[in-house]
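# Structure of the sequence below:
(one chain, ligands or ions: 2)
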Amino acid sequence: MSADRGQRRTRAGKDVRAMIRGATMGHRLSNREVADILLQIADMLEIRGEVVYKALAYRRAAQSILDLGRDINEVWAEGGLRRIPGVGEALEKKLDELLRTGRLQYYEELQEEIPPGVVSLLAIPEVGPKTARLLWERLGATSVAEVEEAARAGRLRELPGLGARSEQRILEGIRTLYQRSKRIPLGVAWPIAMELLEQLRNLPGVEEASAAGSLRRMCPTIGDVDLLAAAKDGAAVTDAFTRFPQVAEVVVHGPTKATVILENGVQADLRVLPRERWGSLLQYFTGSKGHNVALRALAQSKGLSLSEYGYKRGNEEILCGEESQVYEMLGLPWIPPELREDRGEIQAAQEGRLPQLVELRHVRGDLHVHSDWSDGVTPVEELALAAGELGYEYLVVSDHTQSLAVASGLSAARFAEQRRLIDRLNARRQGAHILQGCELEIHADGSLDFPDDVLAGFDVVVASVHSGLRQTRDQVTARIMNALHNPHVDVIGHPTGRLLGQREASEVDIEAILQEAARTGTAIEVNGIPERLDLDDVHVKRAMELGVLIAIDSDAHSANALRAMYYGVAMARRGWANPRSVLNTRSLDQLQKWLRRRG
Ligand SMILES: [Zn+2]
Ligand SMILES: [Zn+2]
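Ligands and ions are numbered 1, 2, ... in the order given. Have a look, this model is predicted:
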């Protein structure tokens, strides 16, 4: 831990990447920018577990460049790079490439090799490369949300080199990170909100309590946690709210409103409303703005005026105690919050063609889960038990394949060994039925990591792109197309590779991929990892229009993380997905029939 602290911290990776893009457009790199790239390389070499002196060489050169006192571009133009302390022949070549072209292939290759979720952990103050590697290897953590959860559960202090104090510091670091980034993943906000709502419902006099705003609409990221409660004595509720144990700071405290900062740095707002206006207020504060504007226009066309307090017809006030009454007044069925984005939901409601949305209870199994055979942390046996407890009928263990060495990808021989274990476990009939899958690497040249005869041996194949994400749009698209055309590939994993708040989706022609998937009958994944949520809602909606089958997966690397299915379901709902369009709402029997037909 101690080696991770101090002046060695680099900027968040996204800044450097944005800068690299800037550089390719003719921007001249500053000394600071060049140094940051070298420091990033050092971080990644350490995450990779390279010998210490390699990373040190990059750090030393970075420091020399910062201390240079001259523009490095001038030094380069004079041919004087080698005179910079710490710059030897190899580094001179790399710096020359970087200053000449604005790009550095070695740096880009490293970025492709280290799982981006692991690099993202470096954004937490107090977490350096060694800790990131530890969190990844021991806990399977590939997102900040997972680290936070593990820290709260006291699981960080048990790791070698960390203790209760480091755990506390990492939690504080995450708090700083959230405050800085302003928007937090749904997967972080949701459990916090559920806990607060339960505490609110247990207060005397509280008749209703609900999340509102983007949180209730299950947006991928949210600003603050918006909560509503209905009670006669508002002041008693806001008083109690500001005294909840997880509140660190009270910002606003009035008779009907309170704003607090929670221990983890997230802001929570509470409004207390009279029960008789609950429906109108809940509807209004759920939004979205666009949806509400469209609703008000519709009300006007019917001679009504709609506000957060209720309807008015002339001077007559019409109160809505239930949210469904707000819609009923306009001749509409209740519209689920996830659809309220002004994307045609009001028209669909008018025409009676709102979709029946998929729900968590429809999900019969998880098709994308990693065990401790690759970069997960939970043994296959425990995964099956945990899946059984979630009520799943089946679970696909889909460990990484050989060429993803950094995630301990498995060879065909290792998979054969794993198959024998799975057969033994299935014979015991404890927990969910285990299917053997793999998360198959799609290589940078579009070829697949295993030949067809090996692929035929898996029950389920999830093919994913992890490398070469910065190739051209045509290249990335062609690689995924190639995977779609392989009859053994059943699911395309996290199709765009986006990481919320960290990495943009890769350039890929999603429309072409969805159209081809509709033709080949391959399922497209909606990945539930809070930082991924990939496909996003807009593309899920397009997939529904094209008749594409989707697979909602947790991509869990630990038994705990199986619960990320919930967020995948939320994204699917925001994309209007119905249960029949989701592959893993099928029973084991139906799934196996589908798989047999695919070959
Ligand atoms: Zn993956
Ligand atoms: Zn995966």
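# Looking at the most far-flung residue of the chain relative to its centre now. What's its pLDDT?
Going by C-alpha atoms, centre = their mean, the residue of the chain most distant from its centre is Asn315, 48.5 Å out. Asn315 carries a pLDDT value of 92.
# With Gly303 as the reference, measure out to it.
Distance, Asn315 to Gly303, by C-beta to C-beta, to the nearest Å: 13 Å. Yep, even glycine has a C-beta here, placed from its N, CA and C like the rest.
# next one: phi and psi at the residue farthest from the centre of the chain?
Asn315 adopts backbone torsions of phi -100, psi 0, taken as degrees, to the nearest 10.
# just the strands in the stretch 451-599 of the chain please.
If DSSP state E, counting those that start in this stretch is used as the criterion, the strands of the stretch 451-599 of the chain fall at 460-464, 491-492, 523-527, 550-553.
# so which of these comes closest to ligand 2?
Among the strands of the stretch 451-599 of the chain, strand 460-464 comes nearest to ligand 2, with 6.6 Å by C-beta to the ion.
# Tell me which strands the closest one pairs with, and in which orientation.
strand 433-441 (parallel), strand 491-492 (parallel) (DSSP bridges).
# Tabulate these (a markdown table), appending distance to ligand 2.
Output for those, formatted as a markdown table (distance: least, C-beta to the ion, whole Å):
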| stretch | distance to ligand 2 |
| --- | --- |
| strand 433-441 | 5 |
| strand 491-492 | 11 |
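# Highest mean neighbour count out of those?
Highest mean neighbour count among the strands paired with strand 460-464 (mean count of other C-beta atoms under 10 Å): strand 491-492, with a mean of 26.
# what residues does it touch?
Here strand 491-492 makes contact (C-beta atoms under 8 Å, 6 or more residues apart in numbering) with 367-368, 460-464, 480, 483-484, 513, 517, 522-525, 551, 553, 583.
# go with 6 Å
The contact list for strand 491-492, computed with C-beta atoms under 6 Å, 6 or more residues apart in numbering, reads Val462, Ala463, Ala523, Ile524, Glu525, Ala551.
# again, but for stretch 404-412
Glu113, Ser374, Asp375, Asp399, His400, Thr401, Gln402, Glu441, Val454.
# Could you see whether ligand 2 lies near that stretch?
No. Using C-beta under 5 Å from the ion, stretch 404-412 never reaches ligand 2; the gap is at least 8.3 Å.
# for the record, mean pLDDT for that stretch?
86.
# which residues does the residue in the stretch 101-250 of the chain positioned nearest to ligand 2 contact?
Sorted by distance to ligand 2 under C-beta to the ion, the residues of the stretch 101-250 of the chain start with Thr142, at 8.6 Å. Counting by C-beta under 6 Å, 6+ apart, Thr142 touches Gly117.
# near ligand 2, which residues of the chain?
Glu439, Asp555.
# got any ranges where the chain has weak pLDDT?
Along the chain, segments meeting pLDDT under 70 span 1-27, 116, 180-181, 501-504, 599.
# how's it carved up into domains?
The chain breaks down into these domains under automatic domain parsing: 2-114, 133-181, 182-273, 277-354, 360-598.
# Of the ones you listed, flag the one that's most buried.
domain 360-598 (a mean of 21).
# Next, name the residue at the spatial heart of the chain.
Glu531 (1.9 Å).
# Can you tell me the closest non-neighbouring residue to that one?
Ser143 (4.5 Å; C-beta to C-beta, 6 or more residues apart in numbering).
# Contact partners for the one you found?
By C-beta under 6 Å, 6+ apart, the contact set of Ser143 is Gly117, Ile529, Glu531.
# With Glu345 instead?
Here Glu345 is in contact with Ile335, Leu339 (C-beta under 6 Å, 6+ apart).
# Taking the stretch 451-599 of the chain, what residue is nearest to ligand 2?
Asp555 (4.3 Å).
# mind listing what that residue touches?
Contacts for Asp555 (C-beta under 6 Å, 6+ apart) come out as His368, Asn527, Ile529.
# Is the second one in contact with Asp536, as I believe?
This points to Asn527. No. In this structure, Asn527 is not within contact of Asp536 by C-beta atoms under 6 Å, at 10.2 Å.
# Please enumerate the strands of the stretch 101-250 of the chain.
Assigned by DSSP E, counting those that start in this stretch, the strands in the stretch 101-250 of the chain fall at 184-185, 208-211, 221-222, 225-230, 247-253.
# what does the last one contact?
Contacts with strand 247-253, where a contact means C-beta under 6 Å, 6+ apart, come from Thr242, Ala258, Thr259, Val260, Ile261, Glu263.
# what about 10 Å?
Where contact means C-beta atoms under 10 Å, 6 or more residues apart in numbering, the residues beyond strand 247-253 that reach it are 175, 196, 235, 238-239, 241-243, 258-270.
# next one: stretch 155-171
Against stretch 155-171 from outside (C-beta under 10 Å, 6+ apart): 1-5, 121, 124-127, 130-131, 134-135, 137-139, 141, 147-154, 263-265, 558, 560.
# try 7 Å this time
Stretch 155-171 is contacted by residues Met1, Ile124, Glu126, Val127, Leu134, Arg138, Leu139, Val147, Ala150, Ala151 when judged by C-beta atoms under 7 Å, 6 or more residues apart in numbering.
# Among the residues you listed, which lie within helices?
Within the contacts of stretch 155-171, residues falling in helices by DSSP state H are Leu134, Arg138, Leu139, Val147, Ala150, Ala151.
# Kindly check the end-to-end length of stretch 233-250 for me.
Taking C-alpha to C-alpha, to the nearest Å, stretch 233-250 runs 20 Å from one end to the other.
# and what of stretch 378-396?
With C-alpha to C-alpha, one end of stretch 378-396 sits 14 Å from the other.
# again with stretch 451-458
End residues of stretch 451-458 are separated by 12 Å (C-alpha to C-alpha).
# which non-adjacent residue is nearest Tyr311?
Here the residue nearest Tyr311, using C-beta to C-beta, 6+ apart, is Ile318, at 4.1 Å.
# phi, psi of that neighbour?
phi -120, psi 110.
# list the contacts for it?
Contacts of Ile318 by C-beta under 7 Å, 6+ apart are Gly310, Tyr311, Met329.
# between these, which is nearest ligand 2?
Met329 (46.7 Å).
# Touching, the closest one and Tyr311? I think so.
Yes. Counting by C-beta atoms under 7 Å, Met329 does reach Tyr311; the two are 5.8 Å apart.
# Now the common contact residues for these two.
Among the neighbours of Met329, those also in contact with Tyr311 (C-beta under 7 Å, 6+ apart) are Leu304, Ile318.
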